[in-house]
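> Just need the structure, nothing else, for what follows:
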Amino acid sequence: MIRGLEHLSYEERLRELGLLRMEKRRLQGELIAAFQYLNGAYKIDGHKLFSRACCGRTRGSSFKLKEGRFRLDLGRKFFTVRVVNRRHKLPREVVDASYLETFKVRLDIAVSNLV
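Next up is the predicted model:
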């Protein structure tokens, strides 16, 4: 706990420190990691981790990801499923960013309104 902020509520402390809520920070980190996987920043090939939508009739971005099908509800908690669902809700200019820094700046703006 930071001294002088003990009496404030969680939202007021976050506002005072200029931070986002934990859910938004987690989402932001996951979307940045997915961007890096898809653009080859990691040794693991992102195209093996995520599957691309098969047809070219996609609305929004030209690079849609396909959500995997699971027999159990446990599969809905996987990183790839969480990222695909949230990535499809992002605006086109965020998803189509070509550089990581551009993606981060545009994502900051989009995430503040997303969750």
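
> Show me where the chain has its helices.
10-17, 22-38, 46-49, 79-87, 92-95, 100-114 (DSSP state H).

> and these as TSV, adding mean neighbour count?
For every residue, glycine as well, the C-beta is placed using N, CA and C. Output for these, formatted as TSV (neighbours: other C-beta atoms under 10 Å):
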stretch	mean neighbour count
helix 10-17	12
helix 22-38	16
helix 46-49	13
helix 79-87	17
helix 92-95	18
helix 100-114	14
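
> Would you tell me which of the ones you listed gets closest to Leu65?
Nearest of those to Leu65, taken as C-beta to C-beta: helix 79-87 at 4.7 Å.

> tell me the angle the closest one makes with helix 100-114.
Angle, helix 79-87 to helix 100-114, by axes from the mean of the first three to the mean of the last three C-alpha atoms, to 10 degrees: 70 degrees.

> By mean pLDDT, show me the worst of the helices of the chain.
Lowest mean pLDDT within the helices of the chain: helix 46-49, a mean of 62.

> what's the spacing between Val95 and Glu23?
Distance of Val95 to Glu23, computed by C-beta to C-beta, to the nearest Å: 20 Å.

> would CSV of the helices of the chain with distance to Ile2 be doable?
Below are the helices of the chain laid out as CSV (distance: least, C-beta to C-beta, whole Å):
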stretch, distance to Ile2
helix 10-17, 8
helix 22-38, 16
helix 46-49, 38
helix 79-87, 30
helix 92-95, 32
helix 100-114, 23
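
> List the contacts of Asp108.
Gln28 (C-beta atoms under 8 Å, 6 or more residues apart in numbering).
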